[in-house]
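Engineer: Generate a structure from the sequence data that follows.
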Amino acid sequence: MKRKSLIFASLATMLLASCGVDNTCKVEAVVDHMPEGKFYWVDKVANVVVDSAVVTDGKVTFVENIDTAYVAMIVDVTNVAPGVQYTLNDTTIHFTFIAEPGSRLNIDLNNSALTASTPLNDDFIAFNEASKALDHNVKSLSDSLMLLIENKTLSDEEATDAYYANRDMLNVAFVEQLETMMSTHTDDVVGAVMLNTYLAKCEDDERIDAMLAAMSEVVLEHPVVSRRVQRRIKLKETAEGMPFKDFTVIQTDGTEVSLSDYVGKGNYVLADFWASWCPPCRKSMPLLKALYDECNDKGLVILGLATRDKVKDSLRAIEEEQMPWPQILSDNSPAADTYGVSGIPHLILFAPDGTIAKRGYPDEDFLRTVKEMIIK
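Structural biologist: Model (predicted):
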């Protein structure tokens, strides 16, 4: 009896293995406009080419084994191989979708549409359409206000106020729409994609905290979300009124330089997060130079913090712009990581005791406030 039991158990195991769950994701895409050529399946978040397929009879077919659903793209990009990272330069994105274990998708690449879908992809598409509608409405708002300025119906100041007021209303409505969408996606990749956008659009900390609490670890630990959450934490830790956070960088000559070499020493320090490749950063240099000329001998130190820039490129730009203030240069951007800076140019004003007095975009209003703090 014992031997028969073992035999039956072995047979049962073999049957289960042969009838296991199908983790393959099959995608068939119609591409009539390209009778021949090659397309690539890309993991969007990892920026890695997963596979390639040749167009045959106006169709391209991918069959991929997938353990966990993720955001994928079908792209047209040259000189890449599976497992290799790619860039969006010279890349045509033909379609973005959710790759799921066991799913079967039909895509019409000519019209960028799914003709055979899944519930997860349907909701992903609905989210994308809502995002596009927001972008369209904001652009239409901007265009209409520009026309009113040209017709002298509104002044520049009136139009600017109207733009931000109406844009904020559009964002609030979109955030509410996202909250409804996310309520059914607290444990999947679509929820992660939605939450990433939600964190960028919502400005209500209580609502954000409530939404984060409702999400599972699957969503919270997704790379696009965890990066955003970590940045939010860093922004809170380095908000106005908080003490400065130090960091140390090894310079090209081998010496170490720290933010604390400048900050907390009894002077106001204006830190400029900039990069050689950033046109708005370069455009703001004359304003910073004027402030430097007026306030340098009154206790203001300006400190350049090159961000996501190669040191050699930063050095060239410093010479071209003739920046007279000290710089902390690094290929790795520890300053931006420490202070949660995602967009540049960005300024942080440190008070004489090292407290963060102000941070934001380097426009004339910001610099006027800095001047008023220093020249009392």
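
Engineer: need the contact list for the residue lying closest to Ala275 once chain neighbours are set aside.
Structural biologist: In space, and not counting its chain neighbours, Ala275 is closest to Asp309: 4.1 Å by Cβ to Cβ, 6 or more residues apart in numbering. Every C-beta, even on glycine, is put in place using the N, C-alpha and C of the backbone. Shown in contact with Asp309 (Cβ atoms under 8 Å, 6 or more residues apart in numbering): Ala275, Ser276, Trp277, Asp331, Ser333.

Engineer: cool, His346 as well?
Structural biologist: Here His346 is in contact with Phe273, Arg359, Gly360, Tyr361, Pro362 (criterion: Cβ under 8 Å, 6+ apart).

Engineer: Look at the second one and say how many residues are nearby.
Structural biologist: As a burial measure, Arg359 scores 20 neighbours (other Cβ atoms under 10 Å).

Engineer: Same question for the third one.
Structural biologist: Around Gly360 sit 14 other residues, with neighbours defined as other Cβ under 10 Å.

Engineer: partners of it in the sheet?
Structural biologist: Leu347 (DSSP bridges).

Engineer: Now Asp352: closest residue in space, sequence neighbours ignored.
Structural biologist: No Asp there; residue 352 is Pro. In space, and not counting its chain neighbours, Pro352 is closest to Gly266: 5.0 Å by Cβ to Cβ, 6+ apart.

Engineer: what's the answer for Lys298, then?
Structural biologist: Ile374 is the one closest to Lys298 (Cβ to Cβ, 6+ apart), at 5.5 Å.

Engineer: And the one you found, how close does it get to Gly354?
Structural biologist: Distance from Ile374 to Gly354, counting by Cβ to Cβ, to the nearest Å: 16 Å.

Engineer: swap in Ala239?
Structural biologist: Look at Ala239 and Gly354: by Cβ to Cβ, they are 14 Å apart.

Engineer: between these two, who's got more neighbours?
Structural biologist: Gly354 (20 against 11).

Engineer: list the contacts for the more buried one?
Structural biologist: Counting by Cβ under 8 Å, 6+ apart, Gly354 has contacts Pro243, Phe244, Val263, Gly264.

Engineer: Next: Val31.
Structural biologist: Taking Cβ under 8 Å, 6+ apart, one finds Phe39, Val55, Gly58, Lys59, Val60, His94, Leu109, Asn110 in contact with Val31.

Engineer: Same question for Met285.
Structural biologist: Taking Cβ under 8 Å, 6+ apart as the test, what Met285 contacts is Glu321, Met323.
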